[in-house]
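Asks: no letters, just coordinates:
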């Protein structure tokens, strides 16, 4: 099996696992995810700043990059210290991710159809994923507490659809 296919399968399995966690433990999972993202941003920003300072040939562009690194640290601190505030925007971020994934699945379904493989079911499911992603993004369909569980269902569904697509290639 090719390394890219293995990586794709692994990321889809992780996506499905995350979906299951969001379905069965929505509050705890989102809180933990936001804190992990926060820690990651703090580490990334800190390491980038240290790396820039340690370079012998310090340039003006490095200063501009350090501004971005400081922003990453600040966002990381907000994520880590104020998960409730970040949760208010969670549906926007998650909806955008699900919509983008639905678009990539739509393109894959169209490629399969061009190759002569019947991809009608995958085409319909990818369009449904795009629609659900947009609805989650805009917050028009699901109450705030339910959106996390629905997002978990959509992530699980996208993972299954992605595994189906990977197996079809």
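Replies: Right, received. Where do you want to start? All values reported here derive from a predicted model rather than from experimental measurement.
Asks: grab the most central residue of the protein for me.
Replies: residue 97 (5.0 Å; Cα atoms, centre = their mean).
Asks: any idea how far that one lies from residue 139?
Replies: 15 Å (Cβ to Cβ, to the nearest Å). Just so you know, the C-beta spots here come from the backbone N, C-alpha and C atoms, and that holds for glycine as well.
Asks: again with residue 14
Replies: 26 Å.
Asks: packing partners for the longest helix along the chain?
Replies: When the chain is parsed with DSSP state H, its longest helix is helix 26-54. Packing partners of helix 26-54 (3 or more Cβ pairs under 8 Å, 6 or more residues apart in numbering; DSSP states H and E): helix 3-24, helix 60-81, helix 83-87, helix 144-168.
Asks: could you check the pLDDT of residue 156?
Replies: Residue 156 is assigned 91 on the pLDDT scale.
Asks: revised request: answer the last question for residue 119.
Replies: Looking at residue 119, the pLDDT reads 71.
Asks: nearest spatial neighbour of it, chain-adjacent residues omitted?
Replies: residue 112 (3.6 Å; Cβ to Cβ, 6 or more residues apart in numbering).
Asks: and the one you found, what element?
Replies: helix 90-114 (DSSP states H and E).
Asks: give me the contacts around that helix.
Replies: Contacts to helix 90-114, defined as Cβ atoms under 8 Å, 6 or more residues apart in numbering, come from residues 30, 34, 118-120, 122-123, 125-139, 142, 144, 147-148, 151, 154-155, 158, 161-162, 165, 168.
Asks: tell me the angle it makes with helix 144-168.
Replies: 20 degrees (axes from the mean of the first three to the mean of the last three Cα atoms, to 10 degrees).
Asks: so which elements touch the next helix or strand after helix 90-114?
Replies: Moving toward the C-terminus from helix 90-114, the next helix or strand (DSSP H and E) is helix 120-138. If you count contacts as 3+ Cβ pairs under 8 Å, 6+ apart, helix 120-138 packs onto helix 90-114, helix 144-168.
Asks: give me the angle between helix 120-138 and helix 144-168.
Replies: Using the same axes, to 10 degrees: helix 120-138 against helix 144-168 is 150 degrees.
Asks: measure the residue nearest to the centre of the chain to residue 151 for me?
Replies: 9 Å.
Asks: check which residues of stretch 125-145 are buried.
Replies: Across stretch 125-145, burial judged by 16 or more other Cβ atoms under 10 Å covers 125, 126, 129, 130, 132, 133, 134, 135, 136, 137, 142.
Asks: so which pair among the residues you listed is furthest apart in space?
Replies: For those, the maximum inter-member distance is 20.1 Å, found between 126 and 142 (Cβ to Cβ).
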